[in-house]
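[1] Give me a 3D structure for the following:
(2 chains)
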There are 2 protein chains.
Amino acid sequence: VSGAEIRVVDLAAAFGGFADHWSPRIAGDVNDCQVRLAKLLGEFVWHRHDAEDELFLVVKGRLRMRFRDRDDALVGPGQFLIVPRGVEHLPVAEEEVHVVLVEPRSTLHTGDVVAERAVREFARI
Amino acid sequence: VSGAEIRVVDLAAAFGGFADHWSPRIAGDVNDCQVRLAKLLGEFVWHRHDAEDELFLVVKGRLRMRFRDRDDALVGPGQFLIVPRGVEHLPVAEEEVHVVLVEPRSTLHTGDVVAERAVREFARI
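    Coordinates of the predicted model:
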């Protein structure tokens, strides 16, 4: 793999490079997963991923994750949460949240819900 | 997946819970990968992973990653680096480094090198 690009990604700089919400940027590929960066504000849509776990690592702000069958989880800076496959969830950002996602390359961010808000091609930073 | 454990992991608290170096703790499972937390100090061993990419996200300290065929990469807090499969690397921590790793469950941390320092069973936090 000589010659393969190996770069250091600075999260603050990368988040400084885009402004739109609910539109993940691809920041790297690791095995079958991608590292994606997203800015969240407001309420997303209820959805689930039938075969994919999704990691949310919060860098800024506080993410509220709502579930159908249990209490909300609050995820602050320096904290992460893994939503297992099959679990319906609703991300809510009452303030702007910067989040690092680790999820399979195949994951559509709205999961089973083909929402108006689904972005099918993410830009690469 | 009703009833599956979903928990918020606080990185600072988790790193506060162990002290030994080069002995990753498992902090979560996401698809075929694990999230592992490690404290590094000093020089590890040259190794590579033939079929596995490895993500290093630095939370504290500055990690120097040495390569055989290119300049060192310096990874500071809030920065990450992905070492692609097949690339020989040597992590060096001149000061204590706290790092979040994302790598396949199958990854032995010393890669192709079965070193004295290889820990084969990681504890779960």
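
[2] From here on, just use CA atoms for contacts and neighbour counts.
    Noted.

[3] Please, where are all the helices along chain A?
    When secondary structure is read from DSSP state H, chain A shows helices at A:11-16.

[4] which ones are touching the residue nearest the centre of chain A?
    Against the mean C-alpha coordinate of chain A, by Cα atoms, centre = their mean, the closest residue is A:Leu101 at 3.7 Å. Residues in contact with A:Leu101, defined by Cα atoms under 8 Å, 6 or more residues apart in numbering or on different chains, are A:34-38, A:54-57.

[5] got a winner among those for most neighbours?
    Each of the contacts of A:Leu101 was scored by neighbour count (other Cα atoms under 10 Å in any protein chain shown); the top score is that of A:Leu37, with 28 neighbours.

[6] right, quick check: stretch A:36-52 against chain B, any contact?
    Yes: using Cα under 8 Å from any Cα of the partner chain, stretch A:36-52 reaches chain B at A:Glu52.

[7] List the contacts of that stretch.
    A:15, A:19-28, A:84-104, A:107, A:110-113, A:115, B:31.

[8] of those residues, buried ones?
    Among those, the ones that count as buried by 16 or more other Cα atoms under 10 Å in any protein chain shown are A:15, A:22-28, A:84-93, A:96-104, A:107, A:110-111, B:31.

[9] Mind checking which of these are in strands?
    When these are checked against strands (DSSP state E), the matches are A:25-28, A:89-93, A:96-104.

[10] Output the set of residues of chain A in proximity to chain B.
    A:1-2, A:4, A:6-12, A:28-31, A:52-55, A:69, A:73-75, A:78-87, A:102-104.

[11] what comes into contact with stretch A:88-97?
    The contact list for stretch A:88-97 (Cα under 8 Å, 6+ apart) reads A:39-49, A:58-68, A:83.
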